[in-house]
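S.K.: pasting the sequence and the predicted coordinates here, then a few questions.
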Amino acid sequence: MADDFPAALEAITVARPRDARLQVLGEFWHYFSQNRGAVVGLVIFVLLILVAIFAPFIAPHDPSEQFRDNFLQPPVWEDGGSWQFILGTDDVGRDMLSRIIFGSRFSLAIGFVVVTSSLVSGIILGLLAGYFRGIVDIVIMRVMDVILAFPSLLLALVLVAILGPGLVNAMIAIAFVLQPHFARLTRGAVMGEKNREYVTSAKVAGAGHLRLMLVTILPNCLAPLIVQATLSFSNAILEAAALGFLGMGAQPPTPEWGTMLAEAREFILRAWWVVTLPGLAILITVLAINLMGDGLRDALDPKLKRS
Amino acid sequence: MLRFILNRLALVVPTFLGISILSFSFIRLLPGDPVDVLAGERSMSAARRTELLHTFGLDQPLWKQYLDYLWRALHGDLGTSLTTAHSITGEFLTLFPATVELTVCATIFATIIGILFGILAASKRGSWIDQLTMGTALIGYSMPIFWWGLLLIIVFAVGLHWTPVSGRIDLEYYFKPVTGFMLIDSLLSGQKGAFISAVRHLILPTIVLGTIPLAVIARQTRSAMLEVLGEDYVRTARSKGLSPARVTGVHAFRNALIPVVTTIGLQVGTLLAGAILTETIFSWPGIGKWMIDAIGHRDYTVVQGGLLIIAIIVMVVNLLVDVLYALINPRIRTR
């Protein structure tokens, strides 16, 4: 019997945070699902992820295979279209639908990689600046100010000019440009939380700097960061597409949507589908993510909950 | 107030130094030897190389090169273009009015429509009008503007022939630039139809460049209006029996204007980044296209100079917005 007591106690202490977490999640879903747009955005986003993962199984053709008898064939509903190429073909006879399907892989990968890397580096810098203040804060925040003084697309372009055009370098450049937003946000939130009682009590209990920063403070700063991360996700996709369009991002024949648009520009008079469809794909993706972002903000930001 | 301005100015100095260091480092960070980058020659004799090193000042220690660069930049000397051999400051000044003209038109367009959308949505909150305007705003906010430009060209320039495809004015009109602003110059020239032609060339670029700021302003206006509409003085105004139009238009809107004005000011960075894409699509001879062409031609001194000037413009405008904001809203000064 004596052994059961601590076990029971442990069960209680373990069970409680899990319940609390479920409750928080439930509350979050309640607010998130009240925003119909956000749910639509989420559904589209999940579909896009599925399309990206299963691209080789869904796409009717290989995205780089050139059908030499079918240059600039219009989509199926236009005169001269056929079911073989549902959305038509481009100037070298590649299937548009397959290229757009494979393009989703690039855009989503760009979003994930850019957001993760800029989020991580931004959080580290923001934590250091907000926690230690003083000279560390001044140096970090002045550097962030410098980065923010440049229009992001211009700075990304120049960075790519230094690193050399290409998808990976474009992602590095965009992550670099987006990262100050995370650093600023983290710093502000950390400064707000730092002098709260729970932090002081953790400090008194003997928690070290690292533990205070990462375990005590950081989890309470996450809500605005998550909202910013969604916004940055769509920004990253837009900027990468813009770089591709300007010839500084993914290089042809990569089926990246922005790059496809750059190649299609000269056919603007003859083949509207080569120009319209990749851009539509960008718009739908970015729109879905922004819809989700709005819902996340409503659900996570208590100040805006009732507006 | 003076203290606030001085404080804010003190922050500008390190930012400016950072900007100048970044643009200074640009040419030195490029792959390859700076001499090759600047001279653009594949092979050269050792003597020629030493000579060039000396001409470009590259034989000096790095800190001295930087101070030299900073000194000349502060005197308006940013060197010469590698492709045209013209002074970079001169090239910039010739092209800048085109960008200003486009940016100002886009801002006016975005502000008027954006504020109207925002007020409309806020006053009909929850209705289909609210959903329609805010849905449109979100689409605008998510728009890849380079594609939006191509789409408008396909429909209005190629399909309907309502507007020209690119450029600032029809080729048949020629006059010496006086102000650099085509709208003003075309009026001054007195040539029949010149002004109309300039306006027609401006329409599509203005819409394209104004789309994202319009969406941002509409969303900001709506949320600022909603906040204000819940205030006591709005209720008082309503209970006095004032017409709804007067309450929203005068009492609420004037107070909602502060955050909206700030938002408009903060769009400068977005507008200049957007100008790069818009000017490229419409062959608009401004500084955005200038930068893209310079990157394409590897005209690195122009890229370096443009980078510095554009960052300074953004910095100065942000400073002005901050000061203006403090003037309108005294609470911010003490922070």
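M.R.: Here it is on my side, so go on. What you see is a predicted model; the values in this text were computed from it and never measured.

S.K.: residue ranges with poor pLDDT in chain A?
M.R.: Within chain A, the set of residues satisfying pLDDT under 70 comprises A:1-18, A:301-307.

S.K.: can you show me the helices along it?
M.R.: Using DSSP state H, the helices assigned to chain A run over residues A:4-34, A:36-53, A:55-58, A:96-132, A:134-149, A:152-163, A:167-194, A:197-204, A:209-211, A:222-245, A:257-264, A:272-300.

S.K.: how about the residues of the stretch 151-300 of chain B that lie near chain A?
M.R.: Taking C-beta under 8 Å from any C-beta of the partner chain as the measure of proximity, the stretch 151-300 of chain B contacts chain A at B:151, B:153-154, B:158, B:223, B:226-227, B:269-270, B:272-273, B:276-277, B:280, B:291-292, B:295-296. Where C-beta positions appear, they are placed from N, C-alpha and C, glycine not excepted.

S.K.: for B:Pro97, give me its contacts.
M.R.: By C-beta atoms under 8 Å, 6 or more residues apart in numbering or on different chains, the residues touching B:Pro97 are B:Pro177, B:Thr179, B:Gly180, B:Phe181.

S.K.: picking that back up, which among the residues of the stretch 151-300 of chain B next to chain A end up buried?
M.R.: Taking 16 or more other C-beta atoms under 10 Å in any protein chain shown as the criterion, what is buried in these is B:151, B:153-154, B:223, B:226, B:269-270, B:272-273, B:276-277, B:280, B:291-292, B:295.

S.K.: for chain B, see how far away the closest residue to A:Glu239 other than its chain neighbours is.
M.R.: Distance criterion C-beta to C-beta, 6 or more residues apart in numbering or on different chains; nearest residue to A:Glu239, sequence neighbours excluded, is A:Ile174 at 5.0 Å. A:Ile174 sits 12 Å away from chain B, going by C-beta to the nearest C-beta, to the nearest Å.

S.K.: is it true that A:Ile174 touches A:Ala240?
M.R.: Yes: in this structure, A:Ile174 sits in contact with A:Ala240. The criterion is C-beta atoms under 8 Å, and the distance is 6.1 Å.

S.K.: picking up where we left off before, which of the helices of chain A sits most buried?
M.R.: Greatest average neighbour count among the helices of chain A goes to helix A:257-264 (a mean of 26), per mean count of other C-beta atoms under 10 Å in any protein chain shown.

S.K.: quick one, that helix and helix A:222-245 angle?
M.R.: Following axes from the mean of the first three to the mean of the last three C-alpha atoms, to 10 degrees, one obtains 20 degrees for the angle between helix A:257-264 and helix A:222-245.

S.K.: could you give the angle of helix A:257-264 to helix A:167-194?
M.R.: Angle between the axes of helix A:257-264 and helix A:167-194 is 140 degrees (criterion: the same axes, to 10 degrees).

S.K.: between helix A:257-264 and helix A:96-132, how many degrees?
M.R.: With the same axes, to 10 degrees defining the directions, helix A:257-264 sits at 130 degrees from helix A:96-132.

S.K.: find the residue at the geometric middle of the chain.
M.R.: Because you didn't say which chain, this covers chain A. In chain A, the C-alpha closest to the average C-alpha coordinate belongs to A:Phe233, at a distance of 2.2 Å (C-alpha atoms, centre = their mean).

S.K.: was after chain B, sorry
M.R.: The centroid of chain B falls nearest to B:Leu272 when counting by C-alpha atoms, centre = their mean (2.8 Å).

S.K.: just give the number of residues close to B:Val250.
M.R.: Using other C-beta atoms under 10 Å in any protein chain shown, B:Val250 is surrounded by 13 other residues.

S.K.: OK, contacts around it?
M.R.: Going by C-beta under 8 Å, 6+ apart, B:Val250 touches no other residue.

S.K.: which one is residue 291 nearest to, not counting chain neighbours?
M.R.: With no chain named, the answer covers chain A. Distances taken as C-beta to C-beta, 6+ apart put A:Gly41 closest to A:Leu291, at 3.0 Å, once the chain neighbours are dropped.

S.K.: I was thinking of chain B, sorry if that wasn't clear
M.R.: The spatial neighbour of B:Met291 that comes closest, neighbours along the chain excluded (C-beta to C-beta, 6+ apart), is B:Gly306 at 4.9 Å.

S.K.: now that neighbour, what's its secondary structure?
M.R.: The three-state label for B:Gly306, taken from DSSP: H, G, I helix; E, B strand; the rest coil, comes out as helix.

S.K.: counting neighbours, what do you get for it?
M.R.: 25.

S.K.: from memory it sits against B:Trp290, does it?
M.R.: Yes: with contact defined as C-beta under 8 Å, B:Gly306 and B:Trp290 form a contacting pair (6.6 Å).

S.K.: return every residue with contacts to both of those two.
M.R.: Here B:Gly306 and B:Trp290 share the contacting residues B:Phe92, scored by C-beta under 8 Å, 6+ apart.

S.K.: quick one, what contacts B:Phe156?
M.R.: With contacts defined as C-beta under 8 Å, 6+ apart, B:Phe156 is in contact with B:Trp162, B:Thr163, B:Leu204.

S.K.: so the second one is in which element?
M.R.: It stands for B:Thr163. Here B:Thr163 sits in a region with no helix or strand, counting by DSSP states H and E.
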